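Peer 1: based on what follows, work out the 3D shape:
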Amino acid sequence: DLLGASVFERDSGSFRFVAGPVFSEVLLADEINRASPKTQSALLQAMEERQVAVDGGNLSLPPVFFVLATQNPADQHGVHPLPEAQLDRFLMRLSLGYPSREAELALLAGGDRHTQAQHLPPLLDAAQLQHLQQRAAGLTTSPALLEYIHALLQASRECGLFCHGLSPRAGQSLLAAARAWALLDGRDFAVPSDVQTVLPYVAGHRLRSARGGDVAEALARLQAEVALP
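Peer 2: The predicted structure follows:
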C-alpha cells in the first residue's frame, strides 16, 4: 500500500496508522506504469501538495520530498498509460537508453552492483539538498525571461503541432528547472539559454504530437519559432 494502513491493536482497542512508502524523502516508483490507475492516483496529492489524506485528515510529507520513477515502453504488456494530470506533476523525463560500450564492459567486469551500491558514500543530506533548492528558487529572473517562458507556453497552445498545449504548471516547472540549471552552472541568475537547455526534458512528456510525429522535433520547431528576448 502506497499511503499506509490503519491497523487495529487489540491491546489498546484502537487503530494505529502505519505509514507507507510515500512518507519518505525520496520515493522510487519502479515501473510506475505497471501500477494500477488507483495506485497512480494516490501520488497526485502527494506530488502537488506534499501531503496525503488519511482517515479523514491530512498528513504532511517530509520537507524534502520528490518522486523518481521508471517507466516501461507503452507497447509492452501489462502497462497502464499515465494520466496527463500525473505526467504534469513530474518535473522532467529523461531517456537513458543503452550504456556505451565502455560503460557496459565496466558493468560486466564490475561484479555485483547491488553489493557495490551499499558502499556508495552519500553526497548530500536532506538539509543540504533543501538549502540548494532554496538557493535555486531565489535566483534572479528578469521580466524578459518570464515573458519568454510565457511565449513558449502560448505558442505550444496555438501552433497546432500538439494535441494540447503546455499547462501553467509546466511553465512553473520550466522556470524552476532553468533556475536549477543556472545554479549548477555557478550563476545567480537564469537566462534564456537555460530555458532552451531544459525545455525538451521538461516539456517532452507533457505533449503529444497532433500529427503523429516526433514530439522532440515539434519542440525544436516551436523553440526556433519563438523569438528570444
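Peer 1: and the pLDDT for residue 126?
Peer 2: With respect to pLDDT, residue 126 scores 90.
Peer 1: also the one 10 residues further on?
Peer 2: Turning to residue 136, the model gives it a pLDDT of 96.
Peer 1: what's the answer for residue 211, then?
Peer 2: 81.
Peer 1: just the element for it, please.
Peer 2: For residue 211, there is no host helix or strand (DSSP states H and E).
Peer 1: what segments of this structure are strands?
Peer 2: Using DSSP state E, the strands of the chain run over 4-9, 14-19, 26-29, 51-54, 57-60, 66-69.
Peer 1: and the second one, what's its mean pLDDT?
Peer 2: This points to strand 14-19. Regarding strand 14-19, the rounded mean pLDDT is 87.
Peer 1: and for the last one?
Peer 2: Within the predicted structure, the mean pLDDT of strand 66-69 is 92.
Peer 1: in that strand, what's buried?
Peer 2: Buried residues in strand 66-69, counted by 16 or more other CB atoms under 10 Å: 67, 69. C-beta here means a position set from N, CA and C on the backbone, and glycine is covered the same way.
Peer 1: who does it pair up with?
Peer 2: Sheet pairing of strand 66-69 (DSSP bridges) gives strand 26-29 (parallel).
Peer 1: need the strands of the chain in a markdown table with distance to residue 35, can you?
Peer 2: Formatted as a markdown table, the strands of the chain follow (distance: least, CB to CB, whole Å):
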| stretch | distance to residue 35 |
| --- | --- |
| strand 4-9 | 16 |
| strand 14-19 | 19 |
| strand 26-29 | 7 |
| strand 51-54 | 16 |
| strand 57-60 | 21 |
| strand 66-69 | 9 |
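Peer 1: contacts for the helix or strand bottoming out on mean pLDDT in the chain, please.
Peer 2: Within the chain, no helix or strand scores below helix 113-117, which has a mean of 76 by mean pLDDT, DSSP states H and E. With contacts defined as CB atoms under 8 Å, 6 or more residues apart in numbering, helix 113-117 is touched by 107, 110.
Peer 1: what does stretch 201-221 give?
Peer 2: 84, 87-88, 90-94, 156, 160-167, 170, 173-174, 177, 199-200.
Peer 1: which of the residues you listed are buried?
Peer 2: 88, 90-91, 156, 161-162, 165-167, 170, 173-174, 177, 199-200.
Peer 1: so which of those are in helices?
Peer 2: Counting by DSSP state H, the buried ones among the contacts of stretch 201-221 place 156, 170, 173, 174, 177, 199, 200 in helices.
Peer 1: what's the closest non-adjacent residue to the fourth one?
Peer 2: In this structure, residue 174 finds its nearest non-sequential neighbour in residue 202, 5.0 Å apart by CB to CB, 6 or more residues apart in numbering.
Peer 1: do you know how far the one you found is from residue 104?
Peer 2: 29 Å (CB to CB, to the nearest Å).
Peer 1: neighbour-wise, which of those two wins?
Peer 2: Neighbours were counted for residue 202 and for residue 104 using other CB atoms under 10 Å; residue 202 has more, 23 against 11.
Peer 1: I am finished for the moment; much appreciated.
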